[in-house]
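Chemist: sequence plus predicted model, see below.
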Amino acid sequence: MHSLVTIADLGKEKILSLLASAARFEAMPNRKTLDGRVVATLFFEPSTRTRLSFETAANRLGARVIGFSDAATSSSSKGESLKDTIMMVSNYADIIVMRHHLEGAARYASEVSPVPIINAGDGANQHPSQTMLDLYSIMKTQGTLDGLDICLVGDLKYGRTVHSLIMAMRHFHPRFHFVAPTELAMPNEYKLYCREHGIDFTEHTEFDETLINAADIIYMTRVQRERFTDLMEYERVKNVYVLRADMLRHTRPNLRILHPLPRVGEIAYDVDDCPQAYYFQQAKNGLFVRQALICDCLEIEG
Amino acid sequence: MKKEELLVAALKNGTVIDHIPSELVFKLIDLLGLQNEKSSVTIGYNLESEKIGRKGIIKVADRFFSDEEISRLSVTAPNVVLNIIHDYEVVEKKTVVIPDELHGIVRCPNPKCISNNEPMSSFFHVINKEQRLLKCHYCEKELNV
């Protein structure tokens, strides 16, 4: 049995075998694979979307679910350490899915816990199940992960999903196009990472149809107001990175639009009815990916 | 025999830690846990040094430091020299080597790192010894020391 803390720990073969496993769960999501097992979901920081996805994954596999959805209702509000909470819960559960506001919490938990830990997000650090569902969505819509043109749009500075996606795609020869305002441009460490791993990328501040028409995947992220020191600058750029249906007239037929959700305004609602819109199915794919991840960590055939 | 060595008792067996920047003498005592040392310890500082101006020196009788103990000095005082003394003779000079991992020595500068919020030790991987670049094992933030 093993934990899943970061996507960086997964090699190419592992990623492909997890995606194949997720495809088998999609074909038949309701099974009794985990009959009699107990899955704990410990959400020290609330995240309804991720928690429901993991709990549905466990329930559809026949497992029972215990846990809490907010640290206020757990003993950490009484000052209990993370280690003590993990040690207690590992007495009861076969596997622990945890989300925590502190960075590195999942790594630490995986080192003290006798049962596997799945990281469902540790602060601004890692969220590997999100990355796996992004990969699954790309694979499913494009038929391959190899050699794709991927536009990453919006907040590329703080957006951990785009950073993890770059790291996960390093095995598959992508061409990335980074589209962001100067304040939220891709940090140097990730550009350096791309160069070290031979990943092609271009950088843009304008989000226009030339880019859109040459893309296989457009990955939109939220431009958050609180990231700006200059609110005038926010007002100026917030509408520059909005995708509207009229921008999708001449795209590649295989283009799909992804977004980790929730969206606030960066994808206009008229895009929802376009065939390129894929963000809701993307969220649904998270269920099958999480079924695959839970079984893999427990080393149960999925 | 050098002049400053005449000011303090000669050591029969033990370790002389030399070329310590004066202001770091007490930090090193802390890092090596010498407050609780049972054998005799001689501490000098503000001694004249051709190399670094004013230096400190710590002599510990009958005590030899392990590589792990010496590596604790690698962040604070990478240039100190440890003279191993047997029978009044320097038999070996040890320099500080930065190890591949640092446990409990450097505090993570990220306030949102789990290592600053739990009763636990910090843990860094040394990713570049020349550039003295560390990476937190937990929050994965990089740090230059």
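Modeler: Okay, I see it.

Chemist: any stretches of the chain with poor pLDDT?
Modeler: In the absence of a named chain, chain A is used. Low-confidence segments of chain A (pLDDT under 70): A:302.

Chemist: other chain: chain B
Modeler: Along chain B, the parts satisfying pLDDT under 70 run over B:1-9.

Chemist: quick one: the helices in it?
Modeler: B:3-7, B:25-31, B:67-71 (DSSP state H).

Chemist: name the nearest residue to the residue in chain B that chain A sits nearest to, sequence neighbours excluded.
Modeler: Residue of chain B nearest chain A, by Cβ to the nearest Cβ: residue B:138 (2.6 Å). C-betas here are computed from N, CA, C, even on glycine. Leaving aside its chain neighbours, residue B:138 sits nearest to residue A:104 (2.6 Å; criterion: Cβ to Cβ, 6 or more residues apart in numbering or on different chains).

Chemist: circling back: and for the residue of chain B closest to chain A, the neighbour number?
Modeler: 28 (other Cβ atoms under 10 Å in any protein chain shown).

Chemist: check contacts around it.
Modeler: A:103-105, A:107-108, B:108, B:113-115, B:123 (Cβ atoms under 8 Å, 6 or more residues apart in numbering or on different chains).

Chemist: could you dump the residues you listed to CSV with distance to residue B:26 and neighbour count?
Modeler: Shown next, in CSV, are the contacts of residue B:138 (distance: Cβ to Cβ, whole Å; neighbours: other Cβ atoms under 10 Å in any protein chain shown):
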residue, distance to residue B:26, neighbour count
A:103, 32, 26
A:104, 31, 30
A:105, 34, 31
A:107, 34, 24
A:108, 31, 27
B:108, 23, 22
B:113, 27, 26
B:114, 30, 26
B:115, 25, 25
B:123, 25, 20
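
Chemist: next step: these restricted to strands.
Modeler: Applying DSSP state E to the contacts of residue B:138, the entries found in strands are residue B:123.

Chemist: which one of the contacts of residue B:138 is nearest residue A:46?
Modeler: Set against residue A:46, the nearest of these by Cβ to Cβ is residue A:105 (14.9 Å).

Chemist: up against chain B, what does chain A have?
Modeler: A:6, A:81-83, A:100-105, A:107-108, A:122-126, A:189 (Cβ under 8 Å from any Cβ of the partner chain).

Chemist: narrow these to those in helices?
Modeler: A:82-83, A:105, A:107-108, A:189.

Chemist: show me which pair in these is furthest apart.
Modeler: A:83 and A:189 (30.1 Å).

Chemist: mind checking which of these two has more residues around it?
Modeler: residue A:83 (16 against 9).

Chemist: any idea how far residue A:181 is from residue B:139?
Modeler: 26 Å (Cβ to Cβ, to the nearest Å).

Chemist: among these two, which residue is more densely surrounded?
Modeler: For residue A:181 versus residue B:139, neighbours defined as other Cβ under 10 Å are more numerous around residue B:139 (25 against 22).

Chemist: isn't residue A:241 right up against residue A:179?
Modeler: Yes - Residue A:241 is in contact with residue A:179 according to Cβ atoms under 8 Å; the separation is 7.0 Å.

Chemist: compare those two (neighbour count), which wins?
Modeler: The residue with more neighbours, out of residue A:241 and residue A:179, is residue A:179; 26 against 23, by other Cβ under 10 Å.

Chemist: let me see the contact set for the more buried one.
Modeler: A:151-154, A:156, A:204-207, A:211, A:241.

Chemist: that one and residue A:162: what is the separation?
Modeler: Residue A:179 is 11 Å from residue A:162, by Cβ to Cβ.

Chemist: can you pull the contacts of residue 136?
Modeler: Reading this off chain A. A:19, A:22-23, A:285, A:288-289.

Chemist: switch to chain B, that's the one I care about
Modeler: A:104, B:108, B:110, B:113, B:115, B:122-124, B:142-143.

Chemist: ok, residue 71 - how many residues close by?
Modeler: Unless you meant another one, I'm taking chain A. Residues near residue A:71, counting by other Cβ under 10 Å: 18.

Chemist: if you could check chain B rather than the one you did, that'd help
Modeler: As a burial measure, residue B:71 scores 20 neighbours (other Cβ under 10 Å).
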